[in-house]
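Participant: Below is the structure, and that's it, no one-letter string:
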Ligand code: MF3
Ligand code: CO
Ligand code: CO
């Protein structure tokens, strides 16, 4: 048990009473009321938040670079190289590379690939393709994670709608976050409602996640669910929202040969957008913007 005059557990160097004491008392009260509350490891310190923000500058920069260069005829391996070199030359490390054995520096997921597509010289972007590029960046041990959709040439109206609705799902999820006054389930409910109202389906096997000191941390952030359920959202939590929305059924399978690539079972299109987010005292900040 920390005393009021001890140094705070967060490493700020401040006395507990001047730092997280009030915060901890608020959480304790909520817990007594039956609320699921975050663990201390989910609450980032100011120093960690600064580090994650710097990492996110590179993460955004590499996606901006890709948006300038992506075009018909390019292989997904070229996208990988661009991002890899950009990250290294800015002092970062592409965090996906060798993560649980992943062979490349980011994920490129084309058309009916839901996520975790492996960049390849043999995947050449063609007119009408839709592509998700998803990168996680490690800068000095701090991680940021975001992804965007890209349209190659002229894409179908249906594909465009899927991309737009998926982006709206991300932002509806973000808007559902109210510090001390919302829950993980509110995010999922907002995403699911918007996707399904538009005739699309939500992938359930993968979700957002805590991020910052590792690629994937607790909590898991489902993109479906019930309002008012799950952990309460409080200042200092850093996590992603990254809805994967299918134009057909929500069923997916993982490629047996590479062990990574996730496909829609019915071959329908899938889209995804992702941001790294910080819950603040007054709202939510999009760190990867
Ligand atoms: N960036 C992905 C995410 O949003 C993680 C990819 S892990 C990899 O969670 F190994 F597939 F690269
Ligand atoms: Co990602
Ligand atoms: Co992520």
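Facilitator: The structure has been received and is ready for your questions. Computed from a prediction, not measured in an experiment: that's the story for all the values here. Ligands and ions are numbered 1, 2, ... in the order given.
Participant: only C-alpha atoms for contact and neighbour calcs from this point on.
Facilitator: Noted.
Participant: Let's verify the most centrally placed residue in the chain: helix, strand, or coil?
Facilitator: Nearest residue to the geometric centre of the chain (Cα atoms, centre = their mean): residue 240, 3.3 Å. Assigned state for residue 240: strand (three-state reduction, DSSP: H, G, I helix; E, B strand; the rest coil).
Participant: could you show me where the helices are in the stretch 1-150 of the chain, in order?
Facilitator: 21-32, 46-69, 76-89 (DSSP state H, counting those that start in this stretch).
Participant: wait, which of these is closest to ligand 2?
Facilitator: helix 46-69 (10.2 Å; Cα to the ion).
Participant: What lies in contact with that closest one?
Facilitator: 12, 79, 82-83, 86-87, 90, 92, 133, 135-140, 142-148, 150, 212, 287-289 (Cα atoms under 8 Å, 6 or more residues apart in numbering).
Participant: ok, and of those residues, which contact ligand 2?
Facilitator: 145, 146 (Cα under 5 Å from the ion).
Participant: What distance do you get for the residue nearest to the centre of the chain to residue 285?
Facilitator: 11 Å (Cα to Cα, to the nearest Å).
Participant: Could you name every residue contacting both of the two?
Facilitator: With Cα under 8 Å, 6+ apart, residue 240 and residue 285 have common neighbours residue 277.
Participant: circling back to that earlier point, of the helices of the stretch 1-150 of the chain, give the one that comes closest to residue 224.
Facilitator: helix 21-32 (23.8 Å; Cα to Cα).
Participant: Give me the subset of the contacts of helix 46-69 lying in strands.
Facilitator: Secondary structure assignment (DSSP state E) places 133, 135-139, 142-148, 150 from those within strands.
Participant: Tell me which residues touch the nearest residue to residue 189 once chain neighbours are set aside, please.
Facilitator: Among residues not flanking residue 189 along the chain, residue 225 sits closest, at 4.8 Å (Cα to Cα, 6 or more residues apart in numbering). Going by Cα under 8 Å, 6+ apart, residue 225 touches 185, 186, 188, 189, 192.
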